[in-house]
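Q: Structure for the following, please:
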Amino acid sequence: MSDGPSTTRSITDVDVAAALAAVADATPLVNALTNEVTVNDVANCTLHWGGLPVMSDDEREVADMVAGAQACLLNMGTVSETGEATMLAAGEAANENDVPVVVDPVGVGATPTRDRVAERLVTDLDVAVVKGNYGEVSALAGEQSDVRGVESVGEYAAIAESAVALARRTGSVVVASGETDVVATADAAVEVHAGDPMMGRVVGTGCMLGATLAAFAGADLDTETAAVAGTVAFGLAGEAAADGRFGEYHGPASYEVAFLDAVAGLADTDPEAAGRIERVVEA
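A: Purely as a prediction, here's the structure:
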């Protein structure tokens, strides 16, 4: 397992190209328990970064599968009683085998059931990265949020502070995704300025960001570097697709194809994080 959350050193100087190379070299096996709406997108995104996706969601085998993996993604997009038990079993196996766990608490704040399941995941398990949209991160931090279905609405002017508060409570690195992504530890937070509005017009980009963070966490990177580099790389791929560098697109559907091609080809574009990361909270 990669090292746990670090204090914020020179994380604004993260080397995205080196992180992409680390993922490609490690070819991490990522067991993703994800929702049935975006399972294919999650699998393809993991594969295109250089990881190996497996979508084992049967409680009879999931512990064995996770034991041989390099990362475990728990996405509660379509939460169920069976799925809750399986996610907990997978997370416990990951903890026992030093496999980093990424939790995507989809829809937390929308219903009491999702609130309870998300709370169990981040409380009962040792979680490396919590990734959610602004509303989900705020809800998990115990603050005011507005989540409709699985979408974050409303204003979140203090999202960086909320992400730091959640990081302190869970001991995880927290990624809050939105128009400007935020990556936080218990000590500080940075904003990531990368991405394109077209990403918000495709169902599943949030799930694919979770898959990205799992793939990077499964490589030979410390957790904070994996979270920041993965978030930057994801945004750069979104920009490359929007710029037409991976084919012309005519709307959200064809943009998604270009985006996945950008994920697969980003390492060949000399991706650079300079000027993309800004420290916004310092404890």
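
Q: need the strands for the stretch 51-200 of the chain, in chain order.
A: Taking DSSP state E, counting those that start in this stretch to define them, one finds strands in the stretch 51-200 of the chain at 52-54, 71-75, 101-104, 129-133, 147-148, 151-152, 173-177, 181-184, 188-192.

Q: strands paired with the last one, and their directions?
A: Right, strand 188-192. In the sheet, strand 188-192 lines up against strand 181-184 (antiparallel), strand 277-282 (antiparallel) (DSSP bridges).

Q: Tell me who's in contact with the nearest residue to residue 230 once chain neighbours are set aside.
A: In space, and not counting its chain neighbours, residue 230 is closest to residue 216: 3.7 Å by Cβ to Cβ, 6 or more residues apart in numbering. The C-beta positions use only the backbone N, C-alpha and C, and glycine is treated the same way. Residue 216 sits next to 19, 22, 23, 49, 226, 227, 229, 230, 233 when contact means Cβ atoms under 8 Å, 6 or more residues apart in numbering.

Q: And for residue 99?
A: Neighbours of residue 99 in contact, by Cβ under 8 Å, 6+ apart: 1, 66, 67, 69, 70, 71, 72, 93, 218.

Q: Now pLDDT and neighbour count too, for the residues you listed, in JSON lines please.
A: Shown next, in JSON lines, are the contacts of residue 99 (pLDDT from 0 to 100; neighbours: other Cβ atoms under 10 Å):
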{"residue": "1", "pLDDT": "42", "neighbour count": "17"}
{"residue": "66", "pLDDT": "98", "neighbour count": "28"}
{"residue": "67", "pLDDT": "98", "neighbour count": "15"}
{"residue": "69", "pLDDT": "98", "neighbour count": "25"}
{"residue": "70", "pLDDT": "98", "neighbour count": "25"}
{"residue": "71", "pLDDT": "98", "neighbour count": "31"}
{"residue": "72", "pLDDT": "98", "neighbour count": "33"}
{"residue": "93", "pLDDT": "98", "neighbour count": "21"}
{"residue": "218", "pLDDT": "98", "neighbour count": "32"}
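
Q: Could you save the residues you listed as TSV and add columns showing distance to residue 42?
A: Below are the contacts of residue 99 laid out as TSV (distance: Cβ to Cβ, whole Å):
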residue	distance to residue 42
1	21
66	16
67	21
69	14
70	16
71	12
72	13
93	19
218	14
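
Q: of all these, which two lie farthest apart?
A: Maximum pairwise distance in the contacts of residue 99, criterion Cβ to Cβ, is 14.8 Å, between 93 and 218.

Q: I'd guessed residue 76 sits against residue 111; true?
A: No - look at residue 76 against residue 111 with Cβ atoms under 8 Å: they stay out of range, at 11.2 Å.

Q: out of the two, which sits in the more crowded spot?
A: Higher neighbour count among residue 76 and residue 111: residue 76, with 24 against 13, using other Cβ atoms under 10 Å.

Q: Give the closest residue to the more buried one in space, chain neighbours not counted.
A: In space, residue 76 is closest to residue 106, 5.3 Å off (Cβ to Cβ, 6+ apart).

Q: Let me know whether the one you found touches residue 74 as I believe.
A: No - contact between residue 106 and residue 74 fails when scored by Cβ under 8 Å: they sit 10.1 Å apart.

Q: ok and the longest helix anywhere in the chain relative to strand 277-282, angle-wise?
A: If you go by DSSP state H, the chain has its longest helix at helix 223-242. Angle of helix 223-242 versus strand 277-282, following axes from the mean of the first three to the mean of the last three Cα atoms, to 10 degrees, is 140 degrees.

Q: the inter-axis angle of the helix or strand following helix 223-242 versus helix 223-242?
A: From helix 223-242 onward toward the C-terminus, using DSSP states H and E, the following helix or strand is helix 252-265. Here helix 252-265 runs at an angle of 130 degrees relative to helix 223-242 (the same axes, to 10 degrees).

Q: which outside residues touch helix 252-265?
A: Outside helix 252-265, the residues touching it (Cβ under 8 Å, 6+ apart) are 41, 44-45, 48-49, 198-199, 201-202, 204-205, 212, 234, 237-238, 240-242, 244-249.

Q: ChimeraX command for the buried members of those?
A: Filtering these down to the buried ones (16 or more other Cβ atoms under 10 Å) takes a single ChimeraX command:
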select :41,44,45,48,49,198,199,202,204,205,212,234,237,238,240,241,242,246,249
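
Q: Distance check, residue 39 against residue 210.
A: Applying Cβ to Cβ, to the nearest Å, the value for residue 39 to residue 210 is 12 Å.

Q: That's all I had, so thanks and see you.
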